[in-house]
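# Sequence isn't available, so here's the structure alone:
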C-alpha cells in the first residue's frame, strides 16, 4: 500500500537525490574495486560509511521536521519528480 | 485524473551528453537508417576510449564540460556488439570519477539505444546487473511485425566491395520482441523509439497500439527528417493520426500510455525573439569515434553523412578546436529558418536535426534549416488539434477537466 | 546590394587583404572575358576595381581597361600600368613590405603579426604620409590570448602618434584605429553582398580567396565523394548564383549583428577557414577586432580632451573581448 504523507522543498529533494545517487555510485563501485587497490578501497569504504550516515540523517531530519505519518514495518519513499513523500507499508 | 506524458529526459538541460561511437557494425541493415556508412571495420580501440575519457575528466572546469551531470552514451551501429569494451569503459569511468573526486560521480548515467537483438545474452545481462542504477536502455521496436520487418531487416552475411553492410530480406521482429518482457521487467516505464518513413505511414495506428499491448507505455515516434516524402503522404499521415487519436481516447489509453505525436504544446506560433532558442543540442554534446576524432554530435561523423564532409571539431590528442564549435553555439531558430518557418502559425513542435540540415544544405553551413517535414508537421498539428479537442471535451463531460488542469506538470522545451 | 565588381586580371594579381595569393603561374584574363566582365559591371551599375599583377599588361588591354570608370589596386613599385600617370585618388597600392615612399592615396600593408610588432615604428611613420593606411594582418589564425598585451601595447603606442597628428591638424587615416571613431554602424568587407569577384576563368567568386582555394585544390567539404571544390558562384554566361546569400549579410550573423567593433572586416573567408561557417567569426578575429575597438575608444577620448570631436559617436566601455563569451546576454 502506498500513501502520500507529505512533500519536501526542491532544495531538500536535491540534497537527498545527490546522496541517493552517490550511494548508488558507491555501491556499484564496490562491485569492481577490490582490496588490492588499497588506497582507493579505503577511500571507498570510508565514503560509503559517511554517505550512508548522511543519507539516514536526511530522513531523520525531514521526518522530524514534517512529522510524517509512519507505520510499523513501513518505510518512506520520495518521488524525485514531484518531491512527494509516500508511506509504503 | 492524470494524462500520461512522456518522461522528461534525465537532468534535462543540465547534463552533458558524451557519446562513444564504439562500432559501426550492426546485425541489422535498417532501410531508413541515417547511418549510411555502417561497416564492420571501425571498432573503437580501448586506448582511444581511455585517452578520450582522460581528456574529458582533465577538463572538469572547462566551460564546455561545466555541467552538473553527464550522460555517457554508447552508439553504433549496434553498441551491444561491443559489450566487453563498454564494460571496460564504464568501469574505468566509475573508478576515475571517484578517484578524482569529480562532481559527476554524484550524477551520471550510461545510456544505450539498442536494436534489442542480443539484449538477453549473458554479457549484456551481467553488465546491466552491475550498473543497474545508472542505466538508461531503450530498445527499438517499430510496431507490428509487418511494420517492423519492412525496414528493420538483418544485414546480408557479406559486405559489399566497399565494406558497407547491405540489407537482406529477413526481418528482425521475432528476435527483438522476445526480449521486450525482460527489458520491461528491468526498466519499468521504458520507452521505445519508432521511426516513420513514407512506406510506414499506413501502419502507424496498429503499430502504436501493438506496442501498448506489449506493455510499452511510452512510444516516442517521429517522422524521419530526410526528404523521403511522396505527394499525398501528409494526408495519409493525418488520417492515420486521427485514427490513432480515436483509438487512444475511446480506448482510455491516455491515462497510462503516452504517444509523442500528441502534445499540448505543438502547433502554436513562435515569437521570433522570445522563442528563438535552437532546440538541437549539437555542439553542446560531444562524440568520439574509433579514430579518436571528435564531433559536435554523432550526426556529423562521416558515416552519418550522405554528401558533406565530416565536421570534425578536434581529436583526442589535440583536444577540441573551439572555433569549430562556434557556429553550433551561436545557432538560433530564426537565423537558420526560412521566412515561411518564422511566419508559420503552427511552428511550435516542428523539429529539425542539425546534422540533416548540414547534410542537405546548399552550402557548407549549419544555418540552413531543412524543411522536408513541413507538410508532415502541419498534418500532425491538425490531428493533434483534433486529439486535444476531443479529449478535453471528454474530460469536461466527465467533470474531470479542472482536476486535469490543476495536476498537469509544466513541460520544459524538449532539447534533442 | 551589389555595388562593386572586383576583376582579378591575372592569377598572380596582388593580394590586398587577409588571404595570401599562393598562385605563382601567370594566367592573364582573356581579353574577351575582360570585355564581358566590364559589360556585366556596366549593366549591373557596379563600380569596377581592377586587381593588377606585377607585370605590364599588353597594350590592347589598356584601352579596354580604361573604357570605364575604375579603381586600380596594384603592387607597390609597379610602373604606371595603363600609361596614365595621374592615378585615380581612389587607387590602392598593396604590399607585403613597408615602402620607402607611399605614392598612392591608399596603401594596403600586409604583414604577419610579428612583422607588425617588429616594424611598429616604421608603420607609425606612414601615418603622416597623408595616405590612408590599411594594415592587414595575414596570420590572424595564429593569434593567441598570450599576444593580447603585446597587441594592446602597440595599438597604444600608435594612438600617441595619431593623437599628435590630430593635434597638429593633420588628421590621419589608419584603418585599425581611426575608422571606428567615424563609424556608427558596421563597415565590413561585404564580399558576396556589396562586392563580387570575377576571376580570369570567367567565373564569379565571393572574393579572390575563394578562387585561390579552388585553384589550390583545397578539400571539397560540400561533397566528400569529390575531392576538390568548385567555389564559383556563377559565371559570365549564366550570371550570378550565390546560394544562401542571406548568410553573408549581417543580420544572419548571430555574433556580429549585435557587435559594435564596426571597423572589423568580418572576413568571410577567414570565418570559413577557422570556424567552417561563413557567418561565424573565430575567437582570434573577435579578439583582435575588440582590442582595436577599445584602442579606438581610448584615442577618441584623448582627442576629446583637446577639443570637441565626433560628438555623435559613442564607444561604450565593455568588459569582454570576445562577444561569444557574453552571447547569452544578447
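Perfect, I can see it now. Given the structure is predicted, the values throughout are model-derived calculations rather than measurements.
# residues contacting residue 68?
Since you didn't name a chain, this refers to chain A. A:5, A:6, A:62, A:76, A:85, A:87 (CB atoms under 8 Å, 6 or more residues apart in numbering or on different chains). Using the backbone N, CA and C atoms, a C-beta is placed for each residue, glycine as well.
# was after chain B, sorry
B:11, B:14, B:15, B:103, B:107.
# closest to residue B:226 among the residues you listed?
Using CB to CB, residue B:15 comes nearest to residue B:226 of the contacts of residue B:68, at 28.0 Å.
# I'd assumed residue B:71 was in contact with the closest one.
Yes: at 5.2 Å, residue B:15 and residue B:71 qualify as touching, with contact defined as CB atoms under 8 Å.
# longest helix of the chain?
This is for chain A. helix A:38-66 (DSSP state H).
# Oops, wrong one, chain C.
helix C:283-306.
# Would you mind listing what in chain A touches chain B?
Residues of chain A found near chain B (CB under 8 Å from any CB of the partner chain) are A:18, A:21-22, A:24-29, A:31-33, A:40, A:43-44, A:47, A:81-82.
# Going along the chain, name the helices of the stretch 101-250 of chain C.
For the stretch 101-250 of chain C, applying DSSP state H, counting those that start in this stretch gives helices covering C:113-118, C:120-126, C:148-167, C:179-182, C:208-215.
# so of those helices, which one's packed in deepest?
helix C:208-215 (a mean of 22; mean count of other CB atoms under 10 Å in any protein chain shown).
# and that helix, what other elements does it pack with?
strand C:4-8, strand C:195-198 (3 or more CB pairs under 8 Å, 6 or more residues apart in numbering or on different chains; DSSP states H and E).
# on that earlier part again, does any bit of the longest helix of chain C sit next to chain B?
Yes: using CB under 8 Å from any CB, helix C:283-306 reaches chain B at C:283, C:284.
# And that helix, what does it pack against?
Applying 3+ CB pairs under 8 Å, 6+ apart, we find helix C:283-306 packed against helix C:148-167, helix C:179-182, helix C:268-275.
# For residue 61, list the residues it contacts.
Picked chain A for this. Applying CB under 8 Å, 6+ apart, no residues contact residue A:61.
# please go with chain C instead
C:9, C:31, C:34.
# Give me the three-state assignment for it.
helix (DSSP: H, G, I helix; E, B strand; the rest coil).
# And it, what's its pLDDT?
Among the per-residue scores, residue C:61 shows a pLDDT of 93.
# and if you look at residue B:416?
On pLDDT, residue B:416 comes in at 57.
# Between the helices and strands packed on helix C:208-215, which one is closest to residue B:258.
Closest among those, using CB to CB: strand C:195-198, at 53.3 Å.
# Residue B:92 sits in which helix or strand?
Using DSSP states H and E, residue B:92 sits in helix B:83-99.
# er, residue B:56 actually
helix B:46-58.
# What about the residue nearest to residue C:253 when sequence neighbours are not counted, how many residues nearby?
Nearest non-adjacent residue to residue C:253, counting by CB to CB, 6 or more residues apart in numbering or on different chains: residue C:279, 4.3 Å away. Applying other CB atoms under 10 Å in any protein chain shown, we find 27 residues neighbouring residue C:279.
# need the contact list for residue C:279.
Each residue near residue C:279 by CB under 8 Å, 6+ apart is listed here: B:327, B:335, B:365, B:367, C:247, C:248, C:252, C:253, C:254, C:256, C:268, C:271.
# Spell out which residues of the stretch 301-416 of chain B are next to chain C.
Residues of the stretch 301-416 of chain B found near chain C (CB under 8 Å from any CB) are B:302, B:305, B:307-311, B:322-324, B:326-327, B:329-332, B:335, B:361-368.
# Buried ones only from those residues, please, as a PyMOL command.
Only the buried entries of those go into this PyMOL selection, using 16 or more other CB atoms under 10 Å in any protein chain shown:
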select buried, chain B and resi 302+305+308+309+310+311+322+323+324+326+327+329+330+331+332+335+361+363+364+365+366+367+368
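# Please see if the next helix or strand after the helix holding residue B:56 touches chain A.
The helix or strand immediately downstream of helix B:46-58 is strand B:69-75, counting by DSSP H and E. No: figure legend: strand B:69-75 not in contact with chain A (CB under 8 Å from any CB); closest approach 9.0 Å.
# circling back: can you say which of the helices and strands packed on helix C:283-306 is nearest to residue B:77?
helix C:268-275 (30.5 Å).
# tell me which strands and helices that closest one is in contact with?
Counting by 3+ CB pairs under 8 Å, 6+ apart, helix C:268-275 packs on helix C:283-306.
# would residue A:76 count as being in a strand?
Yes: Residue A:76: assigned to a strand according to three-state DSSP.
# ok, it to residue A:9 distance?
16 Å (CB to CB, to the nearest Å).
# Comparing the two, which residue is more hemmed in?
Remark: of residue A:76 and residue A:9, residue A:76 carries more neighbours, 17 against 10, as counted by other CB under 10 Å.
# you'd agree the more buried one is up against residue A:69?
No: at 9.3 Å, residue A:76 does not count as touching residue A:69 under the criterion of CB under 8 Å.
# where do the contact lists of the two overlap?
Common contacts of residue A:76 and residue A:69 (CB under 8 Å, 6+ apart): A:5, A:87.
# Output the set of residues of chain C in proximity to chain A.
Counting by CB under 8 Å from any CB, no residue of chain C is near chain A.
# can you pull the pLDDT of the residue in the stretch 51-200 of chain B that chain C sits nearest to?
Using CB to the nearest CB, the single residue of the stretch 51-200 of chain B nearest to chain C is residue B:63, 8.9 Å away. We note a pLDDT of 91 for residue B:63 in this prediction.
# what about it, how many neighbours?
9.
# Okay, it and chain A: tell me how far apart.
Counting by CB to the nearest CB, to the nearest Å, the gap from residue B:63 to chain A is 22 Å.
# Please enumerate the helices of the stretch 101-250 of chain B.
B:122-130, B:145-151, B:173-177, B:180-186, B:204-213, B:233-250.
# For residue C:237, find the nearest of the ones you listed.
Of all the helices of the stretch 101-250 of chain B, it is helix B:233-250 that lies closest to residue C:237, at 38.9 Å by CB to CB.
# The stretch 51-200 of chain B against chain A: which residues are in contact?
Counting by CB under 8 Å from any CB, the stretch 51-200 of chain B comes close to chain A at B:91, B:94-95, B:97-99, B:105-108, B:130-134.
# Report the buried members of the residues you listed.
B:91, B:94-95, B:97-99, B:105-108, B:130-131, B:134.
# Using TSV, please lay out the helices of the stretch 101-250 of chain C together with mean pLDDT.
TSV is the format used below for the helices of the stretch 101-250 of chain C (pLDDT from 0 to 100):
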stretch	mean pLDDT
helix C:113-118	97
helix C:120-126	96
helix C:148-167	97
helix C:179-182	96
helix C:208-215	95
